[in-house]
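*Asks:* coords please:
(chains A, B, C, D, E and F)
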There are 6 protein chains.
Amino acid sequence: MADGLTHLNARGEAHIVDIAGKPATRRRAVAQARIVGQPQTIATIMGGSLKKGDALAVARIAGIMAAKKTAELIPLCHPIPLTKVSVEIAEHGEDAILIVATAETTGQTGVEMEALVAASTAALTLYDMAKAIDRAMVVTDICLMEKSGGKSGDFVRA
Amino acid sequence: MADGLTHLNARGEAHIVDIAGKPATRRRAVAQARIVGQPQTIATIMGGSLKKGDALAVARIAGIMAAKKTAELIPLCHPIPLTKVSVEIAEHGEDAILIVATAETTGQTGVEMEALVAASTAALTLYDMAKAIDRAMVVTDICLMEKSGGKSGDFVRA
Amino acid sequence: MADGLTHLNARGEAHIVDIAGKPATRRRAVAQARIVGQPQTIATIMGGSLKKGDALAVARIAGIMAAKKTAELIPLCHPIPLTKVSVEIAEHGEDAILIVATAETTGQTGVEMEALVAASTAALTLYDMAKAIDRAMVVTDICLMEKSGGKSGDFVRA
Amino acid sequence: MADGLTHLNARGEAHIVDIAGKPATRRRAVAQARIVGQPQTIATIMGGSLKKGDALAVARIAGIMAAKKTAELIPLCHPIPLTKVSVEIAEHGEDAILIVATAETTGQTGVEMEALVAASTAALTLYDMAKAIDRAMVVTDICLMEKSGGKSGDFVRA
Amino acid sequence: MADGLTHLNARGEAHIVDIAGKPATRRRAVAQARIVGQPQTIATIMGGSLKKGDALAVARIAGIMAAKKTAELIPLCHPIPLTKVSVEIAEHGEDAILIVATAETTGQTGVEMEALVAASTAALTLYDMAKAIDRAMVVTDICLMEKSGGKSGDFVRA
Amino acid sequence: MADGLTHLNARGEAHIVDIAGKPATRRRAVAQARIVGQPQTIATIMGGSLKKGDALAVARIAGIMAAKKTAELIPLCHPIPLTKVSVEIAEHGEDAILIVATAETTGQTGVEMEALVAASTAALTLYDMAKAIDRAMVVTDICLMEKSGGKSGDFVRA
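*Replies:* Just a heads-up that it's a prediction; the model follows:
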């Protein structure tokens, strides 16, 4: 380990760390992302229930499918058979949308990265659909909200 | 188009919009992401040139490879043959790291999403490597910095 | 070519055929698939506009994303930069749903497989969501409806 | 659950359903697809054992590899570590070919979708190889033939 | 460029190099791989025309499909729309099999990596199928045989 | 099984063999690859510790990420949840670089192919980065060095 970075060995070389000795436990992680834009853009995305069409569904599914690709995207992540993934999208003030992604597995390592990848991909998908009307939108506050399971203990964002 | 969301048709249904009539022009996009953490974490990631090992390289390559996967991640993105991708990572104050990704193509649609996916994936990869020592880190300020090429005109973040 | 199968050479060996000498033309293909089930199942999937939730959107996006994966799925397909993809889903009698997928490109080979993959994947996605209530549903009548562009001439199903 | 669609929550939003509480059992699914065409086309594909070359092998392998990609194609499918996949292809009357795919796993959810994706992809691969001589071929009768394992009970098509 | 390594910039950082200024020309590369094993193993793989079954077809298709994945595997490769791919497999003395892969495109960069990835993946696929009877087999002599197109000039192995 | 090729059935047809009856054991495989080139090329790649930049890291990460893609590349491989992957790269005489890849899992089948894919992809990635200065380099001696776990017994290359 180089200075506490568990994914690097003593020579600083990247590797996928050995988890074979860890017990399989039930693990859960919740992550969020926010996308901030003009109130008009936010209203257009969130729409009324009839007008909005597929916009939120596209983002939700993009997040869910990206969670399943996490080990392809994050080089040193272990492949994990997810047992549950969900993505919730809600208005967050007049100028923002909040995305909350939950991932679960029963396994030897946690699913923080899966939840983070789901939340950030859903947010970028909203950006993609609305960028023609508001190219300046910002995806922000991508972070882990809570995790449970595994020997490193539970985490709840203060 | 539903309320200005170009990726939805008049009935609100998602589709990949027709770009066959657009001319192929040279296009470039620059996006950024920031990761904010404890000063000690940031110092560990950035390290001295000998100690740091592969950490920044892993993030750089993760960003580059993710850019090539953009059309797999963002459901309504066109597949684009990128002609250049780069990811730069630098310390940004004592508690943050700034990632700047550049993507280029010669084609019928822009590469904003490719640059954004590269920047956000590089940031999440840094999180993955350092999360054992600082689970509370936040990836933030993911946004387009500039784009050029295409009929929608150039964009430079104010 | 073995007996007219263009994807096999004179020794019967599979290969991706050479298209470098063909001109790039605008190409379009429309394919369909039908899913047949109990009237109750069809009504549940199609639902009322408020109740249906994401069901049709999930199928639509699955079809669109699968079209972009065609060259990964069909071994001898050329990779093609699609310029447009859409998937339409409509009730087709009380016991069936009709899916129509359209793919377009400007290139040296056609997009029939992309349209067929989109239609069949959208249909299988509907099956996946409804299989808990009607495991006996059948996906049927997957076929090319029309194509245009390229030297083999236009095709319209009789 | 929205009207019995298990993949949608009470608000109609798509998610990957929680299977963590389900026991891991041995599961098996068999699915079929048929491709119907001109007798001349069917004879060309099936060929004599020496003339046929790689045609059936290409379709078989396409089906097997697609089964492993099921969770990438069907948005709400769980990733599943398959323990067996096979695809059998046989003439079915003078104007059709029958494809039968079998998938197995030991896990918390079934492999119906894996078998269906294998059968339909093998059929579409045959279409791809023969489309130059018979563009009107139809892929049809894609359905589950039997499944076993899991609490929803066994299924055998009547 | 760091010491002549074109994929690293002046600071030694990896990037996908800019090819936008290069003309699109017709490009072709031929690569080989050899697999060496016990004569009995080689005979079993190559078999008689009736007995061999799908073995060579599986390797051929694996090579072809891997060529299309080159930009996913080799981090700094540009995505390239291949116009032709073929893989030929032949006995090479009693203790070896020779694989020759050809890749072609019309584009701004070469297809050497695509041909090399096809040849090596076909060889590893043969190893996979025969490893139960000869685990000591070696894949060797993976190299570029010739290339043409592009400004760096033609190459023919001496 | 056709002549001892376990991946073919009695009719010579490819399939993914049934492993459901095998016990899950801890499995480990080590594979190597060598790349041979001009001494000047080898020195440029290996560089001094400050000058080398990302070259070795790119190859290491390419190998690690490819190991996770093994079941996508090798048609009849089972998908395997790897518990550890590492790739080591060292000078091997003045004209060669030696790559050693280790893969581990706890499961019903071995990880030889994962280790071999990692080693060969890392080697090809080094070729890609250095090909502009030495197109004649050869990747060679790709072989299994040792394996343990599973009923076929341990293997150590003589």
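
*Asks:* Show me which helix runs longest in chain A.
*Replies:* The residue-count maximum for a helix in chain A (DSSP state H) belongs to helix A:112-130.

*Asks:* Just want the angle from that helix to helix B:112-130.
*Replies:* Helix A:112-130 runs at 160 degrees relative to helix B:112-130, counting by axes from the mean of the first three to the mean of the last three Cα atoms, to 10 degrees.

*Asks:* Please name the nearest non-neighbouring residue to the most centrally placed residue in chain A.
*Replies:* Most central residue of chain A, judged by C-alpha distance to the mean C-alpha position with Cα atoms, centre = their mean, is residue A:116 at 2.3 Å. Nearest-residue entry for residue A:116: residue A:31, 4.5 Å, with adjacent residues in sequence omitted and distances by Cβ to Cβ, 6 or more residues apart in numbering or on different chains. For the C-beta atoms, the positions are set from N, CA and C on the backbone; glycine is no exception.

*Asks:* How about residue A:38?
*Replies:* Using Cβ to Cβ, 6+ apart and skipping residues adjacent in sequence, the residue nearest residue A:38 is residue A:134, 5.2 Å away.

*Asks:* Quickly find the element holding residue A:85.
*Replies:* Assignment of secondary structure by DSSP states H and E places residue A:85 within strand A:84-91.

*Asks:* Are the helix or strand just after that strand and chain D in contact anywhere?
*Replies:* Sequence-wise, the next helix or strand beyond strand A:84-91 is strand A:96-107, with elements assigned using DSSP H and E. Yes. Judged by Cβ under 8 Å from any Cβ of the partner chain, strand A:96-107 comes into contact with chain D at A:104, A:105, A:106.

*Asks:* Could you dump those into a markdown table with neighbour count, distance to chain E and pLDDT added?
*Replies:* As requested, the residues of strand A:96-107 next to chain D are exported to a markdown table (neighbours: other Cβ atoms under 10 Å in any protein chain shown; distance: Cβ to the nearest Cβ, whole Å; pLDDT from 0 to 100):
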| residue | neighbour count | distance to chain E | pLDDT |
| --- | --- | --- | --- |
| A:104 | 25 | 28 | 98 |
| A:105 | 24 | 25 | 96 |
| A:106 | 18 | 29 | 95 |
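
*Asks:* between the residues you listed, which is closest to chain C?
*Replies:* For the residues of strand A:96-107 next to chain D, the residue nearest chain C by Cβ to the nearest Cβ is residue A:104; the value is 19.7 Å.

*Asks:* Do I have it right that the closest one meets residue A:111?
*Replies:* Yes. Shown here, residue A:104 and residue A:111 form a contact pair, counting by Cβ atoms under 8 Å, at 6.5 Å.

*Asks:* Compute the inter-axis angle for the longest helix of chain A and strand A:96-107.
*Replies:* 150 degrees.

*Asks:* right, and the helix or strand after helix A:112-130?
*Replies:* Going down the chain from helix A:112-130, the next helix or strand is strand A:138-148, by DSSP H and E.

*Asks:* does the next helix or strand after that next one come close to chain B?
*Replies:* Toward the C-terminal end, the helix or strand that comes next after strand A:138-148 (DSSP H and E) is strand A:155-156. Yes. When contact is scored as Cβ under 8 Å from any Cβ, part of strand A:155-156 falls within range of chain B: residue A:155.

*Asks:* Can you list the neighbours in contact with strand A:155-156?
*Replies:* A:144, A:145, A:146, A:147, A:148, B:135 (Cβ atoms under 8 Å, 6 or more residues apart in numbering or on different chains).

*Asks:* Who are the contact partners of residue A:82?
*Replies:* For residue A:82, the set of contacting residues under the criterion of Cβ under 8 Å, 6+ apart consists of A:67, A:68, A:103, A:104, A:105, A:111, A:114, D:16, D:78, D:79.

*Asks:* can you put these in CSV and add distance to residue B:56?
*Replies:* As requested, the contacts of residue A:82 are exported to CSV (distance: Cβ to Cβ, whole Å):
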residue, distance to residue B:56
A:67, 26
A:68, 27
A:103, 27
A:104, 32
A:105, 29
A:111, 25
A:114, 23
D:16, 34
D:78, 35
D:79, 30
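
*Asks:* Tell me the most packed of those, by neighbour count.
*Replies:* Neighbour counts for those peak at residue A:103, which has 33 neighbours (criterion: other Cβ atoms under 10 Å in any protein chain shown).

*Asks:* what about that residue, distance to chain F?
*Replies:* Applying Cβ to the nearest Cβ, to the nearest Å, the value for residue A:103 to chain F is 16 Å.

*Asks:* how far away is that residue from residue B:136?
*Replies:* As judged by Cβ to Cβ, to the nearest Å, residue A:103 and residue B:136 stand 18 Å apart.

*Asks:* Residue A:71 too?
*Replies:* Per Cβ to Cβ, residue A:71 is found 23 Å from residue B:136.

*Asks:* And the lowest mean pLDDT element among the helices and strands of chain A?
*Replies:* Within chain A, no helix or strand scores below helix A:39-46, which has a mean of 93 by mean pLDDT, DSSP states H and E.

*Asks:* any idea how far that one is from the chain center?
*Replies:* Taking Cα atoms, centre = their mean, to the nearest Å, one finds the center of helix A:39-46 at 22 Å from the center of the full chain.

*Asks:* In it, which residues are buried?
*Replies:* For helix A:39-46, the neighbour count (16 or more other Cβ atoms under 10 Å in any protein chain shown) marks A:41, A:42, A:44, A:45, A:46 as buried.
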